[in-house]
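Novice: show me how the following folds:
(chains A and B, ligands or ions: 2)
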Amino acid sequence: MAAAIEFRQVNKWFGKLHVLVDVTLGVAPGEVVVVCGPSGSGKSTLIRCVNALERIQSGEIVVLGDSITSPRMNLTRLRTQVGMVFQSFNLFPHMTALENIMLAPMKVRNAPREDAEKTARALLLRVGIPDKAGNYPANLSGGQQQRVAIARALAMQPKIMLFDEPTSALDPEMINEVLEVMTDLAKSGMTMMVVTHEMGFARRVAHRVIFMDGGQVIEEADPETFFASPKSDRSRQFLSKILSH
Amino acid sequence: MLDPGVIVRNFKFLIVQGFLGIGSFAGGTLRLAIPAIVLGFALGIVVGLARLANAAWIRVPAVMYVELFRGVPLVMVIFWMWFVIPQLLRLPIPEYGVALTAFVIFEAAYFGEIVRAGVQSVPRGQVEAARALGLSGAKAMRYVVLPQALRNMVPSLVTQMIVLFKDTSLASIIGYVDLTKAAQIVNNREIRPFELYLFIAVVYWICTYSMSRMARRLERRPSTA
Ligand SMILES: Nc1ncnc2c1ncn2[C@@H]1O[C@H](COP(=O)(O)OP(=O)(O)OP(=O)(O)O)[C@@H](O)[C@H]1O
Ligand SMILES: [Mg+2]
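Specialist: Ligands and ions are numbered 1, 2, ... in the order given. Prediction:
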């Protein structure tokens, strides 16, 4: 089967800083890939390239069969097929949970209000907070906000979901409710790229773990292998640091 | 002794003509202030957004516009509109047209800066989240950034509107009969400066005070914090 996401010899610079170095990488449809690595290694940049929030300077990225680095690519089409969840939730504070979820279907797809609302309510049920539809983000806990953010991304019925440290800003007691939603999503067959340091999640849910350092993919392995016998010194060092917490 | 009779006798002229602008003279404080605020703010949104554009050919003229009009006195802009522009265009402009145009052009520079600051006060992640959902730049601005920016702008926006409202009294120098000029006309006849200028001070104050009260209400609107 063709890859859902493919990086071919991708290079990206921020000014003089070389943040992605010859990255070549494939993600199969339905695959869950966890991306880890030290701070500043380029994890966020890597997944932000998939929905073209960042542009690359050389190489090619193919998403669902379309080269997104070609000048003729359709940005809106790409972004409706790829959902993204941010570390800081980024919910729209002037809209209720329901309105946050309804915005894109209504304004991008021109869905009728009733349909958008029906979908939004179903999604809130799916992420476990049907009773919070009318709440503004300020009146939701961090875990609830992140679940609304996941529902908002799902409202466009994406084929791929990107997560950038979705639980890093959460209090420990709220991490699991978000990870559970993500686990369900993975079981439903969603293609996912997840930047996270939640190694429990990686072990249980990921099909593959990618370790990055200095803008390079240093190691790729199934979670069993990666955690039991990391091959490189850098990944060993990294694992000993985060597992000692 | 205070003689309230002078106000009573001239109440209709002061309020209907001077304040509201209904009458045989070109004039009216509200008739000038309200369109000036609405149009000045509308142009201010354009200027403020242009100031933030990536393209230099949009941004640079906007920067120059703001810097130019913030650097000169309003009276001078009014004189330009009154004496210079009609000569250049070879076409007479009535007082109302002059005053309104001068205010809109001048105030748009200030409103533009307020809009710029308001837009910049919205966190970067908001735009990213909107764009990541597939919204175009314009839709992200319209549905996500501007509503939040406007809310953050309310205090400085109202301050600027109050300034503009009070500055409409400057239009009297070209013969525009606003509240200040109306009081002056009555005073020339009746020589009751204390009563007249106290009266118009109260009228101005009531207006500006209700504007700032309304602003505080808007700011305190619940839940959308
Ligand atoms: N917009 C930007 N402009 C300039 N440099 C940037 C920008 N975004 C990221 N960088 C730099 O690029 C490098 C990679 O950043 P990136 O955010 O991808 O790392 P990361 O692996 O996600 O780190 P973290 O774990 O801290 O989130 C870092 O050195 C960062 O400082
Ligand atoms: Mg990051």
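
Novice: what secondary structure does residue B:44 sit in?
Specialist: helix (DSSP: H, G, I helix; E, B strand; the rest coil).

Novice: do the same with residue A:34
Specialist: Classified using three-state DSSP, residue A:34 is strand.

Novice: hang on, it packs against residue A:204?
Specialist: No - applying Cβ atoms under 8 Å, one finds residue A:34 not in contact with residue A:204, separated by 10.5 Å. Any C-beta I mention is one placed from the backbone N, CA and C, and that applies to glycine too.

Novice: the two: which has the busier surroundings?
Specialist: Using other Cβ atoms under 10 Å in any protein chain shown as the criterion, residue A:34 and residue A:204 rank with residue A:34 on top: 25 against 12.

Novice: which ones are touching the more buried one?
Specialist: Neighbouring residues of residue A:34 by Cβ atoms under 8 Å, 6 or more residues apart in numbering or on different chains: A:194-196, A:201-202, A:205-206, A:208-210, A:223.

Novice: now do residue B:156
Specialist: Shown in contact with residue B:156 (Cβ under 8 Å, 6+ apart): B:114, B:117-118.

Novice: give me the below-cutoff pLDDT ranges for the chain.
Specialist: Just going to use chain A. Counting by pLDDT under 70, chain A contains low-confidence ranges at A:1, A:245.

Novice: my bad, chain B
Specialist: Within chain B, the segments meeting pLDDT under 70 span B:221-225.

Novice: all helices for it, in order.
Specialist: Under the criterion DSSP state H, helices of chain B are mapped to B:5-11, B:29-51, B:56-70, B:74-79, B:85-89, B:95-120, B:124-132, B:137-139, B:146-167, B:179-190, B:193-220.

Novice: buried stuff in the third one?
Specialist: For helix B:56-70, the buried set under the neighbour-count rule, 16 or more other Cβ atoms under 10 Å in any protein chain shown, comprises B:62, B:65-66, B:69.

Novice: residues making contact with it?
Specialist: Looking at what lies outside helix B:56-70 - Cβ under 8 Å, 6+ apart - the contacts are B:47, B:50-53, B:77, B:105-106, B:108-110, B:112-113.

Novice: same question, stretch A:168-178
Specialist: Contacts with stretch A:168-178, where a contact means Cβ under 8 Å, 6+ apart, come from A:87-89, A:128, A:141-143, A:146-147, A:150, A:166-167, A:196-198.

Novice: could you give the number of residues near residue 191?
Specialist: Reading this off chain A. Neighbourhood size, residue A:191 [other Cβ under 10 Å]: 23.

Novice: my question was about chain B
Specialist: Per other Cβ under 10 Å, the neighbour tally for residue B:191 reads 9.

Novice: so who does it touch?
Specialist: Not one residue lies near residue B:191 by Cβ under 8 Å, 6+ apart.

Novice: quick one on the thing from earlier: now, which of the contacts of residue B:156 sits nearest residue A:159?
Specialist: Residue A:159 has its nearest neighbour among the contacts of residue B:156 in residue B:118, at 36.7 Å by Cβ to Cβ.

Novice: just to revisit the earlier point, deepest in the core, which of the helices of chain B is it.
Specialist: helix B:95-120 (a mean of 22; mean count of other Cβ atoms under 10 Å in any protein chain shown).

Novice: how far is that helix from where the chain is centred?
Specialist: Distance of helix B:95-120 from the chain centroid (Cα atoms, centre = their mean, to the nearest Å) equals 7 Å.

Novice: for it, packing partners?
Specialist: Applying 3 or more Cβ pairs under 8 Å, 6 or more residues apart in numbering or on different chains; DSSP states H and E, one finds that helix B:95-120 contacts helix B:29-51, helix B:56-70, helix B:74-79, helix B:146-167.

Novice: how big is the angle separating the first one from helix B:193-220?
Specialist: It refers to helix B:29-51. In terms of direction (axes from the mean of the first three to the mean of the last three Cα atoms, to 10 degrees), helix B:29-51 departs from helix B:193-220 by 40 degrees.

Novice: thinking again about what came up before, mind putting the helices of chain B into CSV with distance to ligand 1?
Specialist: Formatted as CSV, those follow (distance: least, Cβ to the nearest ligand atom, whole Å):
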stretch, distance to ligand 1
helix B:5-11, 63
helix B:29-51, 22
helix B:56-70, 20
helix B:74-79, 41
helix B:85-89, 46
helix B:95-120, 16
helix B:124-132, 9
helix B:137-139, 18
helix B:146-167, 22
helix B:179-190, 53
helix B:193-220, 33
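
Novice: closest one to residue A:15 among those?
Specialist: helix B:124-132 (17.9 Å).

Novice: so the closest one, near chain A or not?
Specialist: Yes - residues of helix B:124-132 are located near chain A by Cβ under 8 Å from any Cβ of the partner chain, namely B:125-126, B:128-132.

Novice: which residues touch that helix?
Specialist: The contact list for helix B:124-132 (Cβ under 8 Å, 6+ apart) reads A:51, A:53, A:79, A:82-84, A:86, A:88, A:90-92, A:103, A:149, A:153, B:137, B:139-140, B:143-145, B:148.
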